[in-house]
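**Q** with the sequence up front, the predicted model follows.
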Amino acid sequence: MHFPRMNAKSILSSAAINRNAGDIKRSTHAKRRAMVLMVATLGILAASEVASATTYSFTIPTGLQGTPDRNTILGALNIAVQNGTPPIDPNLYGFYDFYIRPQLSGDGTLPSSPNPVNLITNYSMATSTVTAPVPGCVLPCVSAAYTATPNVAEPLLGGASAHFRFDAADNTIAIVSNNTSAGGHSYPAGANNPFPNLATTEIMPSAAAFSFTLTTSEYTAFQTPQITFEIYALAVQYTDSTAATLAVKDKVYFSNFDATGEAPEPSTMFIAGGGLCLMFLHRLRRKTKR
């Protein structure tokens, strides 16, 4: 039997080829392990992001008089008044006290949105305030805007709400009303007047908006969910459409509207984790090239 002769050079060359092949194989395995580690790390971060509570910001416009947009404060309340028992002209009402929270399953059917979307149960409310100042507010006007309190229990149906109400020390009170004659009135102290004595009423501008935040763990941080909100509102009822005198105060109406929150930026933890994974891969690549 004849065996081919192999000199020392060919033996060394063959060993080098085998060594290089082993290095390439080990490098490939290392890169695969690194990729698996990176994907797993990002997955863990994403899962923790989903499980954690996320805060969304909402801004609900007051709405234009005479415009039946159910996804505004005025539009939703006008629908509630018109669907009341008996139905009454919305021009006979001026709203001044508001509780807003996500609609709950126990709220029943409300008039504005009969098919609510994304009902949630695990949440916390926080508020800022009505974003536009009361128009024409004069001294000694205190706040020039509605005050707002987070996580106040809605008086009848319960549930933590964002509560918006005029400042009791103001001499100018902005009301939400479909009645163009509702502004510019001063009512004397009495059983039918919830406002400070002789405070001047003004119509809240349509550009004003109710702003609040909602914190919940029922959505991921990368969605902008549409949620149905319940609104409980107190109103004065005018004697007639001139709004010169008050027939009764504290008329209660329930309605609802749909709103989409502004999602936060991706979590800094998620971004930092992704950056560390990329840095690790870059260093591994430089190492394997040597």
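**A** Cool, the structure landed. Given the structure is predicted, the values throughout are model-derived calculations rather than measurements.

**Q** any idea how the protein splits into domains?
**A** 11-51+267-289, 54-260 (automatic domain parsing).

**Q** select from those the stretch with the lowest mean pLDDT.
**A** When those are ranked by mean pLDDT, domain 11-51+267-289 comes last with a mean of 48.

**Q** what about the helices in the stretch 151-290 of the chain?
**A** Using DSSP state H, counting those that start in this stretch, the helices found in the stretch 151-290 of the chain span residues 268-289.

**Q** for Ala191, grab the count of nearby residues.
**A** 8 (other Cβ atoms under 10 Å). Heads up, the C-betas are built off the backbone N, CA and C, glycines and all.

**Q** can you pull the contacts of it?
**A** By Cβ atoms under 8 Å, 6 or more residues apart in numbering, the contact set of Ala191 is Lys249.

**Q** next: the one 3 residues further on.
**A** Contacts of Pro194 were listed using Cβ under 8 Å, 6+ apart, and they are Tyr96, Asp97, Leu234, Val236, Lys249, Asp250.

**Q** and Ile100, by the same measure?
**A** Per Cβ under 8 Å, 6+ apart, neighbours of Ile100: Ile60, Met125, Ser161, Ala162, Phe164, Phe210, Phe212, Phe229, Glu230, Ile231.

**Q** let's go with 7 Å and repeat that
**A** Ser161, Ala162, Phe210, Phe212, Phe229, Ile231 (Cβ atoms under 7 Å, 6 or more residues apart in numbering).

**Q** one more: Lys249?
**A** Per Cβ under 7 Å, 6+ apart, neighbours of Lys249: Asn192, Asn193, Pro194, Val236.

**Q** go with 6 Å
**A** Counting by Cβ atoms under 6 Å, 6 or more residues apart in numbering, Lys249 makes contact with Asn192, Pro194, Val236.

**Q** most neighbours out of the contacts of Pro194, which is it?
**A** Going by other Cβ under 10 Å, Val236 tops those with 26 neighbours.

**Q** and that residue, bridged to which residues?
**A** Gly94 (DSSP bridges).

**Q** so it versus Ala153, what's the distance?
**A** 23 Å (Cβ to Cβ, to the nearest Å).

**Q** wait, a helix at Asn78?
**A** Yes. Assessed with DSSP: H, G, I helix; E, B strand; the rest coil, Asn78 lies in a helix.

**Q** can you spell out which helices and strands pack onto whatever helix or strand Gly75 lives in?
**A** Here Gly75 sits within helix 73-82, counting by DSSP states H and E. Applying 3 or more Cβ pairs under 6 Å, 6 or more residues apart in numbering; DSSP states H and E, one finds that helix 73-82 contacts strand 246-260.

**Q** let's see it at 8 Å
**A** strand 93-102, strand 226-238, strand 246-260 (3 or more Cβ pairs under 8 Å, 6 or more residues apart in numbering; DSSP states H and E).

**Q** CA atoms of the second one as PDB?
**A** Taking only C-alpha atoms (Å, rounded to 0.1, in the frame of the first residue of the first chain), the coordinates of strand 226-238 have been written out as PDB:
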ATOM      1  CA  GLN A 226     -59.100  54.400  22.700                       C
ATOM      2  CA  ILE A 227     -61.000  54.300  26.000                       C
ATOM      3  CA  THR A 228     -64.700  55.100  26.700                       C
ATOM      4  CA  PHE A 229     -65.000  57.600  29.600                       C
ATOM      5  CA  GLU A 230     -68.000  58.200  31.800                       C
ATOM      6  CA  ILE A 231     -68.800  61.800  32.700                       C
ATOM      7  CA  TYR A 232     -71.000  62.800  35.700                       C
ATOM      8  CA  ALA A 233     -72.000  66.400  35.600                       C
ATOM      9  CA  LEU A 234     -74.000  68.800  37.700                       C
ATOM     10  CA  ALA A 235     -75.900  71.700  36.100                       C
ATOM     11  CA  VAL A 236     -78.100  74.600  36.900                       C
ATOM     12  CA  GLN A 237     -81.500  74.700  35.000                       C
ATOM     13  CA  TYR A 238     -82.600  78.100  33.800                       C
END
